[in-house]
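Q: When you get a sec, could you give me coordinates for this:
(2 chains)
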Amino acid sequence: IFSKASVSFEDVSESSSETDEDEQPLRRQEGSTDLSAEYWGIQKLAKYVKGGDPTATLIALCSMRDFNLSEETCQLAIKDTGCLEVLINLLDTEEIKCQTGSLKILKEISQNMLIRHAIADLGGLEIMVKILDSPDTDLKCLAAETIANVAKFKRARKTVRKHGGIKRLVELLESISMGSSYQAKDIETVRCAALALWSCSKSTKNKKAIRKAGGIPLLARWLKCAHTNILIPIVGTLQECASEPSYRLAIRTEGMIENLVKNLSSEHEELQRHCASAIFKCAEDEEIRDLVRKHEGLQPLSALLDKSENKQLLAAVTGAIWKCAISRENVLKFQEYKTVETLVTLLTDQPEEVLINVIGALGECCQEEENRGTIRRSGGIAPMVNLLTATNPALLVNVNKAVGGCAMEPENMVIIDSLDGVRLLWSLLKNPNPDVQASAAWALCPCIENAKNSGEMVRSFVGGLELIVNLLKSNDKEVLTSVCAAIANIAKDEENLAVMTDHGVVPLLSKLANTNNNKLRRHLAEAIAHCCMWGSNRVAFGDTKAVAPLARYLKAKDPLVHRATALALYQLSEDPNNCVIMHENGVVKLLLAMVGSTDDILQEAAAGCIANIRRLALATEKAKYG
Amino acid sequence: AAMSRKGRKLLVDSLTRSAKHFTKSEVECLVKLFDTLVAKASSQFAGAGFDRTVFRDTLYNAFGMTDDAVLDRVFSTFDKDNTGCITVEEWVEGLAVLLRGTLEEKMKYCFAIYDLNGDGYISKEEMFQMLKHSLLIQPADEEPDEGVKDLVEIALKKMASTYLLVPFLLQDYDHDGKLSFTDFEKAVRDENLLLEAFGPCLPDIK
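A: Coordinates of the predicted model:
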């Protein structure tokens, strides 16, 4: 049984492949220094826009759109000729036609990164937000869509929020009432507003602002419509915001899972991808995992694994499957759809983004014994072990968990061992990332338990025991916990225990005893219990002051802690000095309560420990009074 | 001469049909307004209608249209039978297009406004006339009219070209330097903003 890898959620599930442009330096492409025909043409038109009345301006603006505005040379020509300022100034007038003409151009050219930074610098965003109040629907749509293009970097998103843009965009969503028939203008309004919200929602503060403006019920409402053009940005926004618990709560309570599942079967891969992505992010919550199953979402997810050409879609789908598989009932369902077999085929020749999720999913599926066999029969063990040589920490964490899961099956262990898997795991203990170290240590537990000649195997790793004992010096709680668990297993072999003792395992374990973390306490106590079985370790634990803290563990509320502690105390109580300390710390009374436990092991250990303490007490009395 | 009630009712019915875009009560209001305007006008037309001056004043008061040249053209489009007098039919039907016209109706209307000599084409000279004062800032070293001529060329290239997309490479356009209604219609359907390309002639609905 091992813990969930504590990989930061944002690292793994940020399925968007766009790097945030704030990090990229703003540099233009070094093109030819000759100014192009487009440059002169645009400059001439800019002259009429600047110097003409609205009629002349409009003619020039309309003519400008004949240039290929999606080409960088044209876009930059507009900027370099000073035309961009003019376009933005036009937005600030009350002339609806001029505003419209200007926005039609701005909408196109704002696809260029330099241009959108320039638009923001020139104060264009504030004006566009104001235009969202205009009575002219076409103008509002253009403004919203242009905002969607510009708000692709942090500063722009902040500007939109600071000028009340989020509120207005949400109001646009509200202003169209849902019915059975829509005007084309209505659809366009909702589509553009949703696109703008989607871009803006990348910022955490904006996610909150959308919620405060009452956006969530509106997103839920529009999720029910049938227009793909609207659905894509709405789902896009939802999946972006799904990293916030408040959104996940709403997704659960407003019945959105049903719609998300339904749209997994859409014909549009982009929509499918965003739905899968939303589910990926939400399935952190158990209730949502259950809802996905209840609305029969697991089958379409599994079926989408066949669309392996579209890597972004595949990454989202495998991610969703991974998180859904955290629930056992879902794993059982996946078995019906032969998902495990399909996942195994995806272990090779896939981009890292996909691999992380595939392996994560397989790791979760290993909860079920049957799947451990399925993976082996489908030839999954070899590619998995091969991935132990990867460098990406997020990937390694998942691989470790999966390998550990498979190692619970002795037949699998044979293969893992033959492929040098245990040695590879062991060397991951040297990895600088604590999450990788911890997951490797967790995986080693079943390996050591299930391998043939595991004692010899462990000894064969040069410097291996010293390495793992030294990890007890780590600052990371999870590393400490997992290493204790591993040491508990290793110590079952006497020779290895002797070596670990030489490396100072006893004082290192004792140093950790003063902890309130129940998980650590449990595995630490287990480790101590097993390490008692060599030489004078029992005495040494007493000398290094492990006993009193252990006694306190009995006051915890966790039965697993009680069991491990009782075992440790029982072993320690073979030494009289330890008995004295235990007695002083009120151990007897606490253990008495556990003698009646239904847990056999706890019962025996508690009883045995009390017996030892009593025997010593009697002997002491005898010595006193003859 | 005042109309009988029955006559009035027949008139309203027939106008409602022909103008298409107004309800009966709206037509009634317009007819009443017409009567007031006729009363204001000189008795030149013996109560059959009102003249250019009254028309211009009305449109100025109602819609804020100030350009005399444009108002003249609007009068001419209203005055279909060219009598110099706007009858009640011309009045209601004209307003129907102005206020509620479909895109087709408005296109025909605007084209008629811009086709100054009514020959079915908007020529370069006509465009020049209409755009003469549209450039507010002229560079000092240029001939004052150069800019306007250039603008006319740009407009022509934009609207007369039916197949070429790259401006400034276009050497010849159909119809030898003038815009037919087909050209105009296509350009406006492509880009609605060009409906009033040569100057505002529709009321601003604010």
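Q: Quick check: what element follows the host helix or strand of residue A:290 along the chain?
A: In the assignment (DSSP states H and E), residue A:290 maps to helix A:286-294. Next along the chain after helix A:286-294, taking DSSP H and E as the criterion, comes helix A:298-304.
Q: State the next helix or strand along the chain beyond that following helix.
A: By DSSP H and E, the next helix or strand past helix A:298-304 is helix A:311-324.
Q: Please report how far the closest residue to chain A within chain B lies from residue A:46.
A: Nearest residue of chain B to chain A (CB to the nearest CB) works out as residue B:137 at 3.5 Å. From N, CA and C alone the C-beta is placed, and that goes for glycine too. According to CB to CB, to the nearest Å, residue B:137 and residue A:46 sit 12 Å apart.
Q: same thing with residue A:572?
A: 87 Å.
Q: same question, residue A:58
A: Going from residue A:58 to residue A:46 by CB to CB gives 14 Å.
Q: repeat for residue A:624
A: Separation of residue A:624 from residue A:46 (CB to CB) stands at 108 Å.
Q: remind me which residues of chain A are low pLDDT?
A: Within chain A, the ranges that satisfy pLDDT under 70 run A:1-35, A:180-181, A:626.
Q: Up against chain B, what does it have?
A: A:37, A:41, A:44-45, A:47-48, A:50-56, A:58-63, A:65-67, A:97, A:100-101 (CB under 8 Å from any CB of the partner chain).
Q: Show me how to select, in PyMOL, the buried members of these.
A: Selection command for PyMOL covering only the buried members of the residues of chain A next to chain B, criterion 16 or more other CB atoms under 10 Å in any protein chain shown:
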select buried, chain A and resi 41+44+45+47+48+50+51+52+53+54+55+56+58+59+60+61+62+63+65+66+67+97+100+101
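Q: Quick one: mark the members of the residues of chain A next to chain B that sit in helices.
A: Residues of those located in helices (DSSP state H): A:37, A:41, A:44-45, A:47-48, A:50-51, A:54-56, A:58-63, A:97, A:100-101.
Q: Can you tell me the SS state at residue A:93?
A: coil (DSSP: H, G, I helix; E, B strand; the rest coil).
Q: The closest residue to it other than its chain neighbours - how many residues pack around it?
A: Sequence neighbours aside, residue A:99 is the residue nearest to residue A:93 in space, at 6.7 Å (criterion: CB to CB, 6 or more residues apart in numbering or on different chains). Other residues within reach of residue A:99, judged by other CB atoms under 10 Å in any protein chain shown, total 24.
Q: Isn't residue A:99 up against residue A:87?
A: No - look at residue A:99 against residue A:87 with CB atoms under 8 Å: they stay out of range, at 9.9 Å.
Q: Check the burial of residue A:445 by counting its neighbours.
A: 22.
Q: Could you say which helix or strand holds it?
A: helix A:434-450.
Q: all helices for chain B, in order.
A: Going by DSSP H, chain B shows helices at B:5-19, B:24-40, B:52-63, B:68-78, B:88-100, B:103-114, B:124-131, B:144-160, B:181-190.
Q: how about the ones you listed in JSON lines, adding mean pLDDT and distance to chain A?
A: Formatted as JSON lines, the helices of chain B follow (pLDDT from 0 to 100; distance: least, CB to the nearest CB, whole Å):
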{"stretch": "helix B:5-19", "mean pLDDT": "84", "distance to chain A": "25"}
{"stretch": "helix B:24-40", "mean pLDDT": "85", "distance to chain A": "22"}
{"stretch": "helix B:52-63", "mean pLDDT": "86", "distance to chain A": "16"}
{"stretch": "helix B:68-78", "mean pLDDT": "88", "distance to chain A": "11"}
{"stretch": "helix B:88-100", "mean pLDDT": "88", "distance to chain A": "17"}
{"stretch": "helix B:103-114", "mean pLDDT": "92", "distance to chain A": "11"}
{"stretch": "helix B:124-131", "mean pLDDT": "89", "distance to chain A": "7"}
{"stretch": "helix B:144-160", "mean pLDDT": "85", "distance to chain A": "5"}
{"stretch": "helix B:181-190", "mean pLDDT": "89", "distance to chain A": "9"}
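Q: Which among these is found nearest to residue A:400?
A: helix B:181-190 (60.9 Å; CB to CB).
Q: For the helix holding residue A:445, name the packing helices and strands.
A: With contacts taken as 3 or more CB pairs under 8 Å, 6 or more residues apart in numbering or on different chains; DSSP states H and E, helix A:434-450 sits against helix A:393-406, helix A:410-418, helix A:421-428, helix A:454-459, helix A:477-490.
Q: Contact partners for residue 52?
A: With no chain named, the answer covers chain A. When contacts are counted by CB atoms under 8 Å, 6 or more residues apart in numbering or on different chains, residue A:52 touches A:59, A:60, B:134, B:135, B:136, B:151.
Q: Wait, chain B was what I had in mind.
A: Contacts of residue B:52 by CB under 8 Å, 6+ apart are B:72, B:75, B:84.
Q: still on that earlier bit, hmm, which two among the contacts of residue A:52 are most spread apart?
A: Distance extremes for those: the farthest pair is A:59 and B:136 at 14.1 Å, using CB to CB.
Q: Give me the domain ranges for chain B.
A: B:5-101, B:104-194 (the TED database).
Q: could you dump the ones you listed to a markdown table with distance to residue A:462?
A: A markdown table is the format used below for those (distance: least, CB to CB, whole Å):
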| stretch | distance to residue A:462 |
| --- | --- |
| domain B:5-101 | 91 |
| domain B:104-194 | 72 |
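Q: does the nearest residue to residue A:132 once chain neighbours are set aside sit in a helix or strand, and which one?
A: Excluding its sequence neighbours, the residue lying closest to residue A:132 (CB to CB, 6+ apart) is residue A:168, at 4.2 Å. Taking DSSP H and E as the definition, one finds residue A:168 inside helix A:165-175.
Q: residues of the helix or strand following that helix that come out buried?
A: Next helix or strand after helix A:165-175 toward the C-terminus (DSSP H and E): helix A:184-200. Of all the residues in helix A:184-200, those buried under the rule 16+ other CB under 10 Å are A:186-200.
Q: ditto for stretch A:213-228
A: Buried residues in stretch A:213-228, counted by 16+ other CB under 10 Å: A:213, A:215, A:216, A:218, A:219, A:220, A:221, A:222, A:223, A:225.
Q: Which ones among the residues you listed lie within helices?
A: Using DSSP H, the subset of these located in helices is A:215, A:216, A:218, A:219, A:220, A:221, A:222.
Q: any idea how far residue A:493 is from the residue lying closest to residue A:491 once chain neighbours are set aside?
A: Nearest residue to residue A:491, sequence neighbours excluded (CB to CB, 6+ apart): residue A:530, at 3.9 Å. Look at residue A:530 and residue A:493: by CB to CB, they are 10 Å apart.
Q: Please apply the same query to residue B:125.
A: For residue B:125, the distance to residue A:493 equals 105 Å [CB to CB].
Q: Have a look at the two and say which one is more surrounded.
A: Shown here are residue B:125 and residue A:493; by other CB under 10 Å, residue A:493 has more neighbours (20 against 13).
Q: show me what contacts the more buried one?
A: With contacts defined as CB under 8 Å, 6+ apart, residue A:493 is in contact with A:454, A:455, A:458.
Q: and the last one, how many neighbours?
A: In other words, residue A:458. Counted with other CB under 10 Å, residue A:458 comes out at 24.
Q: hang on, isn't it packed against residue A:467?
A: No - in this structure, residue A:458 is not within contact of residue A:467 by CB under 8 Å, at 11.1 Å.
Q: Report whether the expected contact of residue A:442 with residue A:403 is present.
A: No - Residue A:442 lies out of contact with residue A:403 (CB under 8 Å); the separation is 10.2 Å.
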